[in-house]
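S.K.: heads up, no residue letters with this:
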């Protein structure tokens, strides 16, 4: 992979990391526990709890993506970015464009 491609992916990963960190910061309040409140009816409370669980799951996925993004940036620095961690073959540019943090080729995924 040439240096200009690596710079392109480094920039994409850095931008992705910033977006994830911003989301995690903004969604902290939504992930907080649903307080028992007499003003909420039974269904409203159930909906609030369901919404909270969806936010918690999305936050869990974003945290995992944040770790994967950091790992991808480390692989760029180590010189092994763009290669499958299982078979060692190069990952297609289309796959890297869609998911720059990906660690595996299509066959090993």
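M.R.: Thanks, I have it. As the structure is a computational prediction, the values presented were derived from the model and not from experiment.
S.K.: In three-state terms, label residue 33 for me.
M.R.: At residue 33 the chain is in coil, as set by DSSP: H, G, I helix; E, B strand; the rest coil.
S.K.: who touches it in this structure?
M.R.: Neighbouring residues of residue 33 by Cβ atoms under 8 Å, 6 or more residues apart in numbering: residue 52. Every C-beta, even on glycine, is put in place using the N, C-alpha and C of the backbone.
S.K.: just the helices in this protein please.
M.R.: Ranges of helices in the chain, per DSSP state H, are 3-26, 42-78, 93-98.
S.K.: Columns distance to residue 108, mean neighbour count and mean pLDDT on top of those, output as CSV?
M.R.: Listed next are the helices of the chain as CSV, based on distance: least, Cβ to Cβ, whole Å; neighbours: other Cβ atoms under 10 Å; pLDDT from 0 to 100:
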stretch, distance to residue 108, mean neighbour count, mean pLDDT
helix 3-26, 19, 14, 96
helix 42-78, 15, 14, 92
helix 93-98, 11, 13, 96
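S.K.: Next one: residue 38, what pLDDT does it get?
M.R.: Looking at residue 38, its pLDDT is 50.
S.K.: quick one, what contacts the residue sitting nearest the centre point of the chain?
M.R.: By Cα atoms, centre = their mean, the chain has its centre lying nearest to residue 65, at 2.3 Å. The contact partners of residue 65, taken as Cβ under 8 Å, 6+ apart, are 16, 20, 101.
S.K.: Tell me the one of these nearest residue 32?
M.R.: residue 20 (19.4 Å; Cβ to Cβ).
S.K.: Skipping adjacent residues, who's closest to that closest one in space?
M.R.: Nearest residue to residue 20 in three dimensions, chain neighbours excluded: residue 66, at 4.7 Å (Cβ to Cβ, 6 or more residues apart in numbering).
S.K.: and if you look at residue 14?
M.R.: residue 73 (7.3 Å).
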